[in-house]
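> Here is a sequence with its predicted model. Questions after.
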There are 2 protein chains.
Amino acid sequence: MESEGQSRAEKSSSSSERRPRVRRNVTVAIAQDICADRYPSGSPLPRENDLCELYGVSRTVIRESLKVLESKGLVRGKPRVGTTVCDRDEWNILDAEVLEWMGPYIKDFDLLGCILEARRTIEPAAAEYAAERASAQEIADLDKAWRQMRDSAGEPESFTDADVMFHTVLLTASHNQVFRRLSSAIHAALQYALHASNIAVENREDAVLVHGQLVEALRMRDKAGARECANRMLDLAVRDLAAAEKAIGRTK
Amino acid sequence: MESEGQSRAEKSSSSSERRPRVRRNVTVAIAQDICADRYPSGSPLPRENDLCELYGVSRTVIRESLKVLESKGLVRGKPRVGTTVCDRDEWNILDAEVLEWMGPYIKDFDLLGCILEARRTIEPAAAEYAAERASAQEIADLDKAWRQMRDSAGEPESFTDADVMFHTVLLTASHNQVFRRLSSAIHAALQYALHASNIAVENREDAVLVHGQLVEALRMRDKAGARECANRMLDLAVRDLAAAEKAIGRTK
DNA sequence: AGGTGGTGAGTTTGGTGATCTTCATCGCGG
DNA sequence: CCGCGATGAAGATCACCAAACTCACCACCT
């Protein structure tokens, strides 16, 4: 019934977490329950008082969490009638936290294709802008990320991190705030694609090669070259995503 | 100097004392104070208890507001030390509410140039995707928006709304969730640019022409034509933004 | 007599304020 | 110079009150 104690919040996982950090945990717990379709889109959430019991916290915390969720478009609270889950295309899917919450469920949103499509559109342009605007520091950072990619032969973890970093810095180096903001989406997509399919080694080698060429093009302020490299990078990304999806489909 | 002390929400200690959307109002009040640089980026906000008095609400409301602000990257609250305003490039500038809060201050963020640049990159691609994916309904909506643009000769208000609607529907019709999410940014930029410079009539006529051609291209599923039209539309947008900035510069 | 509409009780979120807890910081003393 | 406690501010809970929406019931009109 009232489920007592820890219903489902991860307050119990306190082994590493010394601090309570209650509100944050509750927020992600609710968000993930929404992403997992435990609360289907369009239908109402339980009443605030019920949520208190479900997650084992006070109403204040629940309310703060709901406000945050609402501010990101996941739910819509109407005065005196309740909180309902918004339709998915109202979600702020460009918000870093939202993407994080979606985590593994991201593939249920056919977002990966959209992100890849957006990357095909944006990254070549970003590379071109970066070619004329990147600071020495940014080029150095790119180079560092690239070297980390190159050197992390056996470490898929490290390779992924470096790849994500590379693209984030690239977008930053475009010195366009809109592009820069999209790095969280790319981050999420890369994380997934690279994680899901532990990309074949030869693909990785190709990727390292092209990334290196891009850095070189930026260094030379070669706009056309940079764009070209970005395009080739994305051809590889298309291949990787296809591989990842096939891998998932197979394991599924 | 802090000029006056009266930027806050309407505490209206008068008789009727209506208080429906307190939290929302407080949130935008704080957000706008931040945008107005009343709380400069990097420096700490007043203590929560002081904010209670400043905005005339209870601490709970202040805290919920701060959580929302934090969730959009405007501020960062550290446990027991205080809440500090984040650097501007950490803000979630693709969030519709944030854009709304920035409102007139948007020009202080040199965001308009960035958004225009992003549009130059994205809209042609979106138009191309729309050419192959737009539903009949979406094309009808675009046509409706276009007719409203055409027919609102003397009404700049109506023209602006229609223009914003047109571009929003166009991005929606690209059936790419990432592109679609950017409509809020475009909305804000258009709102500003069209509002600031009450665009010359001949520019408006050019715009109507090109928008109409774009609808036609979509109807014909002509990808190249759609892209071409989008490019020409953006050439006009560049001109409008330049005009708007010159107008502002002059009145300033 | 039956349907319509107003009313009032109950429910649920919005908002307030007091209280307790937990730590980061700072100053005092060993 | 270092640690240890006092202080103060944020995190969290609780108990209320206020307002508005729901729903059911009953009276009144046709």
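Right, received. Where do you want to start?

> Count the neighbours of the closest residue to A:Gly77 other than its chain neighbours for me.
Among residues not flanking A:Gly77 along the chain, A:Thr83 sits closest, at 4.3 Å (Cβ to Cβ, 6 or more residues apart in numbering or on different chains). Every C-beta, even on glycine, is put in place using the N, C-alpha and C of the backbone. Residues near A:Thr83, counting by other Cβ atoms under 10 Å in any protein chain shown, number 23.

> and A:Thr83, what does it touch?
A:Pro44, A:Leu45, A:Glu48, A:Leu66, A:Glu70, A:Val75, A:Arg76, A:Gly77 (Cβ atoms under 8 Å, 6 or more residues apart in numbering or on different chains).

> same thing but at 6 Å, please
Residues in contact with A:Thr83 (Cβ atoms under 6 Å, 6 or more residues apart in numbering or on different chains) are A:Leu45, A:Leu66, A:Val75, A:Gly77.

> try A:Gln32
Applying Cβ under 6 Å, 6+ apart to A:Gln32 gives the contacts A:Trp101.

> Tell me how far it lies from B:Val57.
Distance of A:Gln32 to B:Val57, computed by Cβ to Cβ, to the nearest Å: 31 Å.

> about what we covered before: if I look at the residue nearest to A:Gly77, what pLDDT would I see?
Note on A:Thr83: pLDDT of 92.

> Could you say which helix or strand holds it?
Using DSSP states H and E, A:Thr83 maps to strand A:82-85.

> which is the next helix or strand following that strand?
Next along the chain after strand A:82-85, taking DSSP H and E as the criterion, comes helix A:96-102.

> Just confirm yes or no for that next one near chain B.
No - with Cβ under 6 Å from any Cβ of the partner chain as the criterion, chain B is not reached by helix A:96-102; the gap is at least 6.9 Å.

> Contacts for that helix next, please.
Here helix A:96-102 makes contact (Cβ under 6 Å, 6+ apart) with A:Val28, A:Ala31, A:Gln32, A:Cys35, A:Lys72, A:Asn92, A:Ser184, A:Ala188.

> what does stretch A:209-223 give?
In contact with stretch A:209-223 (Cβ under 6 Å, 6+ apart) are residues A:128, A:130-131, A:134, A:139, A:142-143, A:146, A:225-226, A:229, A:232-233.

> Could you do stretch A:227-243 as well?
By Cβ under 6 Å, 6+ apart, stretch A:227-243 touches A:116, A:119-120, A:123-124, A:127-128, A:193, A:197, A:199, A:206-207, A:210, A:213-214, A:217.

> Strands of chain A, start to end?
Remark: strands assigned in chain A by DSSP state E are A:75-78, A:82-85.

> how much space between A:Gly103 and A:Ser71?
Taking Cβ to Cβ, one finds A:Gly103 at 20 Å from A:Ser71.

> on that earlier part again, most tightly packed of the strands of chain A?
Of all the strands of chain A, strand A:82-85 carries the top mean neighbour count, a mean of 19, counting by mean count of other Cβ atoms under 10 Å in any protein chain shown.

> Please see if that strand touches DNA strand C.
Yes - using Cβ under 7 Å from any atom of the strand, strand A:82-85 reaches DNA strand C at A:Gly82, A:Thr83.

> what's the spacing between that strand and its chain's center?
25 Å (Cα atoms, centre = their mean, to the nearest Å).

> quick one: is that strand near DNA strand D?
No - contact of strand A:82-85 with DNA strand D is not found when judged by Cβ under 7 Å from any atom of the strand; the minimum separation is 9.3 Å.

> can I get the CA coordinates of the strand holding A:Thr83 in PDB?
Output of strand A:82-85 as PDB, limited to C-alpha atoms (Å, rounded to 0.1, in the frame of the first residue of the first chain):
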ATOM      1  CA  GLY A  82      -3.200  18.300 -11.500                       C
ATOM      2  CA  THR A  83       0.100  17.900 -13.400                       C
ATOM      3  CA  THR A  84       0.000  16.100 -16.800                       C
ATOM      4  CA  VAL A  85       2.800  14.800 -18.900                       C
END
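
> Nearest residue to the residue positioned nearest the centre of chain A in space, please, no chain neighbours.
Residue closest to the average C-alpha location in chain A (Cα atoms, centre = their mean): A:Ala188, at 2.2 Å. Of all residues not flanking A:Ala188 in the chain, A:Leu99 sits nearest, at 3.9 Å (Cβ to Cβ, 6+ apart).

> Read off the pLDDT value for A:Glu216.
In this prediction A:Glu216 is given a pLDDT of 96.

> what number of residues lie near it?
Residues contacting A:Glu216 under the criterion other Cβ under 10 Å number 16.

> And for A:Arg239?
16.

> For A:Glu202, see how far away it is.
11 Å.

> repeat for A:Ile30
Separation of A:Ile30 from A:Glu202 (Cβ to Cβ): 43 Å.

> Counting neighbours around each, name which of the two comes out higher.
Ranked by neighbour count (other Cβ under 10 Å), A:Ile30 and A:Glu202 place A:Ile30 first, with 27 against 8.

> and the more buried one, what does it touch?
A:Ser65.

> Can you check the pLDDT for the closest residue in space to A:Ser58 that isn't next to it in sequence?
Spatial nearest neighbour of A:Ser58, chain neighbours left out: A:Cys52 (6.3 Å); criterion: Cβ to Cβ, 6+ apart. You'll see A:Cys52 listed with a pLDDT of 92.

> go on, the one 4 residues further on?
The predicted structure scores A:Gly56 at 91 on the pLDDT scale.

> Count the neighbours of it for me.
There are 19 residues near A:Gly56, going by other Cβ under 10 Å.

> Bridged to the closest residue to A:Lys78 other than its chain neighbours, which residues?
Once flanking residues are discounted, A:Lys78 sits nearest to A:Thr84: 7.4 Å by Cβ to Cβ, 6+ apart. Beta-bridge pairing for A:Thr84 (DSSP bridges): A:Pro44, A:Arg76.

> Next one: A:Thr84 from DNA strand C, what distance?
10 Å (Cβ to the nearest atom of the strand, to the nearest Å).

> Any figure for the gap between that residue and A:Leu170?
A:Thr84 sits 39 Å away from A:Leu170, going by Cβ to Cβ.
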